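**Q** I would like the atomic coordinates for the input below:
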Amino acid sequence: MLFCVELWSEGGSIRGSVECPTGGMSGSLVPFVPPQAGMSAEEALATACHLANVDERQVVIIDPHDLWRSEWGVLD
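**A** Numbering: from 1, shown residues only. A predicted model of the protein is given here:
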């Protein structure tokens, strides 16, 4: 299972939310940091990376508006 970070623009800033896998076998994702939490993209990325490292999982970025910044690294 993967941790997902979704990016969007709001008020001139890039925001992010984090979804994490459920504990069951369904393969479902649930909000860990929902969009309403008001998290910056950097905070969402750091949170997802930390959780993924603890659980030895990967992070997937959902970026439909091409908001990814080069200083955050390279997406594969």
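**Q** lowest-pLDDT helix or strand in the chain?
**A** The helix or strand of the chain with the poorest confidence is strand 29-33; it has a mean of 70 (mean pLDDT, DSSP states H and E).
**Q** quick check: mean pLDDT across the helix or strand following that one?
**A** Later in the chain than strand 29-33, the nearest helix or strand by DSSP states H and E is helix 41-55. The predicted model gives helix 41-55 an average pLDDT of 90.
**Q** following helix 41-55, which helix or strand shows up next?
**A** Next element after helix 41-55 (DSSP H and E): strand 58-62.
**Q** how far does that following strand sit from the chain's center?
**A** Relative to its parent chain, strand 58-62 has a centroid offset of 6 Å by CA atoms, centre = their mean, to the nearest Å.
**Q** Kindly calculate the angle that that strand makes with helix 41-55.
**A** 150 degrees (axes from the mean of the first three to the mean of the last three CA atoms, to 10 degrees).
**Q** list the buried ones in strand 58-62?
**A** 59-61 (16 or more other CB atoms under 10 Å). From N, CA and C alone the C-beta is placed, and that goes for glycine too.
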